[in-house]
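Trainee: this one's sequence-less:
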């Protein structure tokens, strides 16, 4: 049995569907499974990673786990997984984790590194997936593209190699079902370094109309985003954008090495999600 946590999310749902298509026995976990629509053939379970009782129920009979972790859940999850006899855990971590630093730079890296430490100290076979920027992050521009041809935001020249959620899920499925991934850290990116401005142009080309990126002062963007993004996380995002200006984003070969196919491009992702824009 494979347990997929975060099974309603972008990556978890893709992993769940792929595992089912392979004929695997899969259990989908979410906080409120009754509120979601599930594929045929999947069992579901309510899971709160902070609740030891729900962990024990969700992990019963499970051999491998795709872990979409919540801050602070590492020790409790590890204890429950070891008690349940889980063998393999694939953690969706973050590309911002820095193995060379004793103290992580920002809250996103910090909480993922904390969970990684808990897994490293366990008896479980662990694999860490460290994706960089998700292509899906640009859905935050959809309200603007629906209302016009200009995306307004900070740091037009900030760079990233956006990765398609399906490629992350494909690597997750390989690590869950194949040997050779224990103790491995897979750094996952898309195939090309793009600026915010480049991404806006690609969205326009897919939509068949010109879309441009208008740079706003970082403080203006901070004020606008603060209504729905926690302050420390927002500080982290803006810092990452600022630090990336003027240098190409990291592009790795891990997706192709593990899946046998090149990662999907940002244009591929936009084409699949064009209706959202």
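Mentor: That came in fine, so what should we check first? Computed from a predicted model, the values in this text were never measured in an experiment.
Trainee: could you use CA atoms for every contact and neighbour count after this?
Mentor: Noted.
Trainee: doesn't residue 214 belong to a helix?
Mentor: No - applying DSSP: H, G, I helix; E, B strand; the rest coil, one finds residue 214 to be strand, outside a helix.
Trainee: from residue 197, how far out is it?
Mentor: Separation of residue 214 from residue 197 (Cα to Cα, to the nearest Å): 8 Å.
Trainee: with residue 81 instead?
Mentor: Counting by Cα to Cα, the gap from residue 81 to residue 197 is 44 Å.
Trainee: cool, and residue 179?
Mentor: From residue 179 across to residue 197, the span is 41 Å (Cα to Cα).
Trainee: tell me the spacing between residue 102 and residue 114.
Mentor: Relative to residue 114, and taking Cα to Cα, residue 102 is found at 11 Å.
Trainee: which residues of this structure fall in strands?
Mentor: Taking DSSP state E as the criterion, the chain carries its strands at 2-4, 26-30, 43-46, 64-67, 88-92, 125-131, 150-153, 159-160, 184-188, 194-195, 212-215.
Trainee: and the second one, what does it pack against?
Mentor: Think strand 26-30. Using 3 or more Cα pairs under 8 Å, 6 or more residues apart in numbering; DSSP states H and E as the contact criterion, the elements in contact with strand 26-30 are strand 2-4, helix 10-21, strand 43-46.
Trainee: tell me the buried residues in the last one?
Mentor: So that's strand 43-46. By neighbour count, with 16 or more other Cα atoms under 10 Å as the criterion, the buried positions of strand 43-46 are 44, 45, 46.
Trainee: mind listing what that strand pairs with, with the direction of each?
Mentor: Sheet pairing here is set by DSSP bridges, and for strand 43-46 it gives strand 26-30 (parallel).
Trainee: for the strand it pairs with, give the mean pLDDT please.
Mentor: Strand 26-30 carries an average pLDDT of 94.
Trainee: helices of this protein, residue ranges please.
Mentor: Taking DSSP state H as the criterion, the chain carries its helices at 10-21, 52-59, 74-84, 107-120, 142-147, 165-177, 196-207, 218-225, 231-244, 254-259, 266-272.
Trainee: just name the most buried of these.
Mentor: helix 165-177 (a mean of 22; mean count of other Cα atoms under 10 Å).
Trainee: so how far is that one off the chain centroid?
Mentor: Mean C-alpha position of helix 165-177 versus that of the full chain (Cα atoms, centre = their mean, to the nearest Å) differs by 11 Å.
Trainee: contacts for it, please.
Mentor: Under the criterion Cα atoms under 8 Å, 6 or more residues apart in numbering, residues 2, 10-12, 14-15, 18-19, 64-66, 88-90, 127, 129, 131, 134-136, 181, 188, 255, 258-259, 263-264 lie in contact with helix 165-177.
Trainee: ok, residue 182 touching residue 125?
Mentor: Yes - under the criterion of Cα atoms under 8 Å, residue 182 lies in contact with residue 125, with a separation of 5.2 Å.
Trainee: domain parsing for the chain?
Mentor: Following automatic domain parsing, one gets these domains for the chain: 2-131, 135-164+190-249+264-277.
Trainee: any chance of these in TSV, with distance to residue 170 too?
Mentor: Formatted as TSV, the entries for the domains of the chain read as follows, by distance: least, Cα to Cα, whole Å:
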stretch	distance to residue 170
domain 2-131	7
domain 135-164+190-249+264-277	10
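Trainee: how about the helices and strands packed on strand 26-30 in CSV, adding distance to residue 97 and mean pLDDT?
Mentor: CSV is the format used below for the helices and strands packed on strand 26-30 (distance: least, Cα to Cα, whole Å; pLDDT from 0 to 100):
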stretch, distance to residue 97, mean pLDDT
strand 2-4, 23, 97
helix 10-21, 19, 95
strand 43-46, 29, 93
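Trainee: right, so of the ones you listed, which gets closest to residue 251?
Mentor: helix 10-21 (19.8 Å; Cα to Cα).
Trainee: which strands and helices sit next to the closest one?
Mentor: Under the contact criterion of 3+ Cα pairs under 8 Å, 6+ apart, helix 10-21 touches strand 2-4, strand 26-30, helix 165-177.
Trainee: that one to strand 88-92, inter-axis angle?
Mentor: Between the axis of helix 10-21 and that of strand 88-92 there is an angle of 140 degrees, by axes from the mean of the first three to the mean of the last three Cα atoms, to 10 degrees.
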